[in-house]
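A.B. asks: Got a sequence here, can you build the structure:
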Amino acid sequence: MDVFEAIKTRRSIRSFTQEAVSDEEIEMILDAARSAPSAGNIQPWIFIVVKNPEMKRRISRAALNQFFIEEAPVVIVVCADQERSRMGYGSRGANLYCIQDTAAATQNILLAAHALGLGACWVGAFYEDEVRQALRVPRGVRPVAIVPIGHPAERPGAVFKRPLSEVVRYETF
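C.D. replies: Sure, this is the predicted structure:
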């Protein structure tokens, strides 16, 4: 699958089969994530791989009871190391660049999972402190995305995307 096909056909998957995701697939996805660009090549990401059913249950509760999270065979919690970015770029690094960097890594996770025939969903709605506590994430590191991954049990159709004419400006706004 080429990158344009992956971008156009990827969908958010919220229903998974019980089929396991192999360690090799997880490693390929994580390798794609760490290959994302980052400001100053600081690479402020930390990926927490969660397979434990009780831990997935805690994460899904912290994510506003989005129970499909715990049904996925594996969940990757993407964290931004704010202190690592702060050392390179001060407050702008801690408050913006590390978030942008981990967003790029999260998109790579979604595309890599899709390219492997897996489904995933970017979950951003969660109580950060509850996820931090459950996973023992230290201060200075911020959970920014929860990504459940598994074999899809659904095939959502295409979603509406605003036309380029509505979202593109040339030279000025």
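A.B. asks: switch to C-alpha atoms for all contacts and neighbour counts from now on
C.D. replies: Fine.
A.B. asks: can you tell me which residues contact the closest residue to residue 59 other than its chain neighbours?
C.D. replies: Closest residue to residue 59 apart from its sequence neighbours, by Cα to Cα, 6 or more residues apart in numbering: residue 131 at 6.0 Å. Residue 131 makes contacts with 58-59, 62, 143, as judged by Cα atoms under 8 Å, 6 or more residues apart in numbering.
A.B. asks: For the residues you listed, pick the one with the most neighbours.
C.D. replies: residue 59 (29 neighbours; other Cα atoms under 10 Å).
A.B. asks: which secondary structure element contains the residue nearest to residue 59?
C.D. replies: According to DSSP states H and E, residue 131 maps onto helix 128-135.
A.B. asks: Check the offset of that helix from the chain's centre.
C.D. replies: 16 Å (Cα atoms, centre = their mean, to the nearest Å).
A.B. asks: any idea which helix or strand comes after it?
C.D. replies: strand 141-150.
A.B. asks: roughly how far is that next one from the heart of the chain?
C.D. replies: That offset, for strand 141-150, works out to 5 Å (Cα atoms, centre = their mean).
A.B. asks: which helices and strands does that strand pack with?
C.D. replies: helix 68-71, strand 74-81, helix 82-92, helix 98-115, strand 119-120, helix 128-135 (3 or more Cα pairs under 8 Å, 6 or more residues apart in numbering; DSSP states H and E).
A.B. asks: tell me what the fifth one is packed against?
C.D. replies: Which is strand 119-120. helix 98-115, strand 141-150.
A.B. asks: now the ones you listed as TSV including distance to residue 76 and mean pLDDT?
C.D. replies: Converted to TSV, the helices and strands packed on strand 119-120 look like this (distance: least, Cα to Cα, whole Å; pLDDT from 0 to 100):
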stretch	distance to residue 76	mean pLDDT
helix 98-115	9	98
strand 141-150	5	98
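A.B. asks: Export these to JSON lines and append columns for distance to residue 4.
C.D. replies: Converted to JSON lines, those look like this (distance: least, Cα to Cα, whole Å):
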{"stretch": "helix 98-115", "distance to residue 4": "10"}
{"stretch": "strand 141-150", "distance to residue 4": "21"}
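A.B. asks: Please name the nearest non-neighbouring residue to the most centrally placed residue in the chain.
C.D. replies: By Cα atoms, centre = their mean, the chain has its centre lying nearest to residue 106, at 3.5 Å. If the residues on either side of it in the chain are set aside, residue 106 comes closest to residue 33, at 6.5 Å by Cα to Cα, 6+ apart.
A.B. asks: Wasn't that neighbour part of a strand?
C.D. replies: No: using DSSP: H, G, I helix; E, B strand; the rest coil, the assignment for residue 33 is helix, not a strand.
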